[in-house]
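Colleague: model this:
(2 chains)
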Number of protein chains: 2
Amino acid sequence: TFVRDRHDHALSVLRWLALLVPMAAAVGSLCAAFLWSLDIATRTRFAHPWLLFLLPVGGFAVGLLYHLFGRSVEGGNNLIVEQVHEPGGGVPLRMAPLIFLGTVVTHLFGGSAGREGTAVQLGGSLASAFATMFRLDAESTRIILMAGIAAGFGAVFGTPLAGAVFALEVLAVGRVEYRALVPVLIAAIVGDWTCHQWGIHHGLYHIDYLQRAVGPIAVDPVLLLEAGVAGVAFGLVGLLFSELSHGFGDFVKRHVRFGPLRPFLGGLAVIALVYLLGTRDYLGLGVWAPDASTPTIAGFFAPGPDYWSWALKLLFTVVTLGTGFKGGEVTPLFFIGAALGHALGTLFGAPVDLFAGLGFVAVFAGAANTPLACTIMGIELFGATHAVYIAVACFVAYLCSGHSGIYLSQQIAVPKH
Amino acid sequence: TFVRDRHDHALSVLRWLALLVPMAAAVGSLCAAFLWSLDIATRTRFAHPWLLFLLPVGGFAVGLLYHLFGRSVEGGNNLIVEQVHEPGGGVPLRMAPLIFLGTVVTHLFGGSAGREGTAVQLGGSLASAFATMFRLDAESTRIILMAGIAAGFGAVFGTPLAGAVFALEVLAVGRVEYRALVPVLIAAIVGDWTCHQWGIHHGLYHIDYLQRAVGPIAVDPVLLLEAGVAGVAFGLVGLLFSELSHGFGDFVKRHVRFGPLRPFLGGLAVIALVYLLGTRDYLGLGVWAPDASTPTIAGFFAPGPDYWSWALKLLFTVVTLGTGFKGGEVTPLFFIGAALGHALGTLFGAPVDLFAGLGFVAVFAGAANTPLACTIMGIELFGATHAVYIAVACFVAYLCSGHSGIYLSQQIAVPKH
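Modeller: This is a model prediction of the structure:
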């Protein structure tokens, strides 16, 4: 029986590989196309500043598209998480083109949004299509949906291990189950690898304050304590982001019944904010700008006086996403976190690159309730040297961010405290 | 209420800190004393080879000690895991001196065993004493016991993050719960830090085959596939180790009723093995030897023809631990894994340092059902560059190692495949 078990096991592994590898390669390719389009959209926006004035129109057009053809996929990430919990109608394939187009429009005209939501939705809808095509049972459908999430997340940020753990961790608050451990890992690696093969490069961030240190590096208790205190702030800001997003989103939905009108008004509000605050710095992704003086995520890794970028980015993002623009929450959360970490590092007189890195992953850890995935992401992005600080910031942020994160269909398995 | 909640929360955090930090510092100090004693014992054994002939007597003496005073703590690690699942009688404090002494005796006279079991038992018994002293309720007792495990594991291997995740992951197969997320992290960091403050240094392992590579390193698909295949082997050897340990241990218990007699016979068996096989290479921990030609864990990171050390170490360890000698399983599993990885790397024509590192963590991942802790341990020991290969090896090994790992009181939460 031992040999027969292994034989059956090996066959099932081969079947799964034949399913997962093409799926993840397709997701990785789509993500590459998406990242490439985002890059073009962002450069175009910087080259033609007047595009901002089309934001209301662009939002209205995408809103109308969803109103006419996308009712079934408006749930976005939440729909995918729901389908993992209880496979039912599946995730319609039309989610992929709609979210791709919708997100590029947001970024072309200057909404403040991210990209992981889009990548996860590309992955989830493709995976669901595979599940339908190969008539998978409920359990297998759950697994391939999780693999789709992992492939999208791993590819879009170039962090395969974090993508795999994210797909396991995002489903419920306080619990990780290993049902799909190997499938999500394979999908995330293949997705990321494929995306790289298309020539996509991810931003590199460096935490260099220890560069001249020699030998094994001991943990500094003072820095550790500061990382813990910063973790509390990261968690509370993650909580603030979730609560404001949900609250503002509900408010808008209650008062503006006609869907496409919401992003139209949202676009007007973003334009108003730009002129009220006199800055365009918080539009778009925030990872690249032609002018080095514009605050970007990478910029927060260098010293400089910037105490409030995190709050402004939060404001722009809540207005953009709360009025129904398409895009993810995570890159803005990276921005908010890096900016807040930069500010706290400056206040503490601690290395700002370290604290920008901690905020980068920890605000997201708090807002998404995914402390382990974010710790691993921090290690993948910044190296293992800082692992202990990263874990402290992410775990503490998780503890302080409350129960209703950015993904409302997340179940609460083990309450905090 | 928000402010009052935060206030209560902050108070509870301070109370926990006041409990966890001294507990973990005590565990870290004990671990430092333990590692220092092990070092002395190992050096003494190499300096006086005749000590091996006292192994049966030493085993008998420790067996008698446990027979007379240690019935309540013979469960060892399993007792601690049980007490986390269902806090009841607690873990008697006498576990600490007994396991400390018992393990040093094993290593002084040349049994093949490890040290993590000892560290975990030191941590668990101290934590339980704190729980009794401060009259903690059942839920808090569970948390401080997990923190004790984390502190011991983190300190003994110098891998705090792996220690924290290990304490969460070891309780059940296939599920991690975040009940004690921050407490285990604090305990592991404090335990490790304290151990370092006593001047303890951990072995450093290097995976250098990429040393001359420049820029971000892409994953190599061939190497990845080889890591997956090796992962299957690592998992099956982990399974073999668990099954042989349990089977041989039960066999000995059935046939030798008087406890102290078992390690006496075991000692004779180890001596017989030494003369039958004509080698003393597989005695003790296997991390250090005065002669560079002796196989050690670090030695497997360098090229060389060694295909069977893994099997021999497995044999010596099963005989030593199965007959009731005290000590852990993990360092032998590191040895077995590194040796097997070395052999597979040589067979594949792949970098042996990488494969030794993969085996080091992955056989343990399979045998203990802790893939995430082992992945993180691999990253802490070998750096983030190899994270993807490490994860593949550990996750695949986990999938292939069956359900009954080395810790029998582990619950099965989510079955594999």
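Colleague: Just the element for A:Leu358, please.
Modeller: Taking DSSP states H and E as the criterion, A:Leu358 maps to helix A:352-368.
Colleague: isn't A:Val182 right next to B:Cys394, touching?
Modeller: No: counting by Cβ atoms under 8 Å, A:Val182 does not reach B:Cys394; the two are 10.3 Å apart. The way it works is simple: take the backbone N, C-alpha and C, and place the C-beta from them, glycine included.
Colleague: out of those two, which sits in the busier spot?
Modeller: A direct count of neighbours by other Cβ atoms under 10 Å in any protein chain shown for A:Val182 and B:Cys394 places B:Cys394 higher, at 32 against 27.
Colleague: tell me the mean pLDDT for the helix holding A:Leu358?
Modeller: Per-residue pLDDT values across helix A:352-368 average out to 96.
Colleague: Can you tell me the closest non-neighbouring residue to A:Val274?
Modeller: Nearest residue to A:Val274, sequence neighbours excluded (Cβ to Cβ, 6 or more residues apart in numbering or on different chains): A:Arg280, at 5.6 Å.
Colleague: Can you name the residues that contact A:Ala147?
Modeller: A:Leu20, A:Met23, A:Ala24, A:Gly123, A:Ala127, A:Ala167, A:Ala180, A:Pro183, A:Val184, A:Ile186, A:Ala187 (Cβ atoms under 8 Å, 6 or more residues apart in numbering or on different chains).
Colleague: and it, how far is that from A:Ala131?
Modeller: 10 Å (Cβ to Cβ, to the nearest Å).
Colleague: Provide a list of residues in contact with the closest residue to A:Thr346 other than its chain neighbours.
Modeller: Spatially, and ignoring its direct neighbours in sequence, A:Thr346 is nearest to A:Val352 (5.9 Å; Cβ to Cβ, 6+ apart). Residues counted as contacts of A:Val352 (Cβ under 8 Å, 6+ apart) are A:Phe300, A:Phe301, A:Ala302, A:Pro303, A:Gly304, A:Gly341, A:His342, A:Gly345, A:Thr346.
Colleague: Turn those into TSV, including secondary structure, neighbour count and pLDDT.
Modeller: Formatted as TSV, the contacts of A:Val352 follow (DSSP: H, G, I helix; E, B strand; the rest coil; neighbours: other Cβ atoms under 10 Å in any protein chain shown; pLDDT from 0 to 100):
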residue	secondary structure	neighbour count	pLDDT
A:Phe300	helix	31	94
A:Phe301	helix	24	94
A:Ala302	coil	13	93
A:Pro303	coil	12	92
A:Gly304	coil	11	89
A:Gly341	helix	31	97
A:His342	helix	30	97
A:Gly345	helix	25	96
A:Thr346	helix	17	96
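Colleague: still on that earlier bit, which one of the contacts of A:Ala147 sits closest to chain B?
Modeller: Checking those against chain B with Cβ to the nearest Cβ, the nearest one is A:Ile186 at 8.2 Å.
Colleague: which residue sits closest to that closest one, ignoring its sequence neighbours?
Modeller: A:Leu20 (5.2 Å).
Colleague: How far off centre is stretch A:296-304?
Modeller: 20 Å (Cα atoms, centre = their mean, to the nearest Å).
Colleague: Ok, stretch A:242-262 next?
Modeller: What separates the centre of stretch A:242-262 from the centre of its chain is 21 Å, taken as Cα atoms, centre = their mean.
Colleague: quick one: contacts of it?
Modeller: A:59-61, A:63-64, A:66-67, A:265-266, A:314, A:318-319, A:321-324, A:329, A:367, A:401-402, A:404-406, A:408.
Colleague: Where do the strands of chain A begin and end?
Modeller: Remark: strands assigned in chain A by DSSP state E are A:172-173, A:175-177, A:411-412.
Colleague: So which elements touch the first one?
Modeller: Spelled out, it's strand A:172-173. Where contact means 3 or more Cβ pairs under 8 Å, 6 or more residues apart in numbering or on different chains; DSSP states H and E, strand A:172-173 is packed against strand A:411-412.
Colleague: Tell me which other helices or strands the longest helix along chain A touches.
Modeller: For chain A, the helix that runs over the most residues, judged by DSSP state H, is helix A:2-47. Applying 3+ Cβ pairs under 8 Å, 6+ apart, we find helix A:2-47 packed against helix A:95-109, helix A:116-133, helix A:138-157, helix A:181-197.
Colleague: Stretch A:198-211: which residues count as buried?
Modeller: Neighbour counts over stretch A:198-211 (16 or more other Cβ atoms under 10 Å in any protein chain shown) mark A:Ile200, A:His202, A:Tyr205, A:Ile207, A:Tyr209 as buried.
Colleague: Taking the stretch 1-150 of chain A, what residue is nearest to chain B?
Modeller: For the stretch 1-150 of chain A, Cβ to the nearest Cβ, closest residue to chain B: A:His9, 6.4 Å.
Colleague: What's the local residue count around that residue?
Modeller: The burial count for A:His9: 15, using other Cβ under 10 Å.
Colleague: go on, the one 4 residues further on?
Modeller: Burial of A:Val13 is recorded as 19 neighbouring residues (other Cβ under 10 Å).
Colleague: returning to that earlier point: contact partners for the residue nearest to A:Val274?
Modeller: A:Pro49, A:Leu52, A:Gly110, A:Val274.
Colleague: where exactly do the helices run in the stretch 251-400 of chain A?
Modeller: Remark: helices assigned in the stretch 251-400 of chain A by DSSP state H, counting those that start in this stretch are A:261-277, A:309-322, A:330-348, A:352-368, A:371-382, A:387-400.
Colleague: wait, what's in contact with the residue lying closest to A:Thr294 once chain neighbours are set aside?
Modeller: Using Cβ to Cβ, 6+ apart and skipping residues adjacent in sequence, the residue nearest A:Thr294 is A:Asp281, 5.3 Å away. Shown in contact with A:Asp281 (Cβ under 8 Å, 6+ apart): A:Ala289, A:Thr294, A:Pro295, A:Ser309, A:Leu312.
Colleague: from memory the last one sits against A:Leu277, does it?
Modeller: Okay, so that is A:Leu312. Yes: under the criterion of Cβ under 8 Å, A:Leu312 makes contact with A:Leu277 at 6.8 Å.
Colleague: Please say which of the two ends up with more neighbours.
Modeller: Using other Cβ under 10 Å, the more surrounded residue of A:Leu312 and A:Leu277 is A:Leu312, with 19 against 13.
Colleague: can you tell me which residues contact the more buried one?
Modeller: Residues near A:Leu312 by Cβ under 8 Å, 6+ apart: A:Leu277, A:Thr279, A:Asp281, A:Tyr282.
Colleague: rerun at 6 Å
Modeller: Taking Cβ atoms under 6 Å, 6 or more residues apart in numbering or on different chains, we find A:Leu312 in contact with A:Tyr282.
Colleague: just wondering, since we're on it, how far is it from A:Phe335?
Modeller: From A:Leu312 across to A:Phe335, the span is 10 Å (Cβ to Cβ).
Colleague: same thing with A:Glu243?
Modeller: Distance, A:Glu243 to A:Phe335, using Cβ to Cβ: 19 Å.
Colleague: cool, and A:Leu11?
Modeller: 47 Å.
Colleague: who's more crowded, those two?
Modeller: For A:Leu11 versus A:Phe335, neighbours defined as other Cβ under 10 Å are more numerous around A:Phe335 (31 against 10).
Colleague: Surely the more buried one touches A:Ala311?
Modeller: No: contact criterion Cβ atoms under 6 Å: A:Phe335 and A:Ala311 do not qualify, at 11.5 Å.
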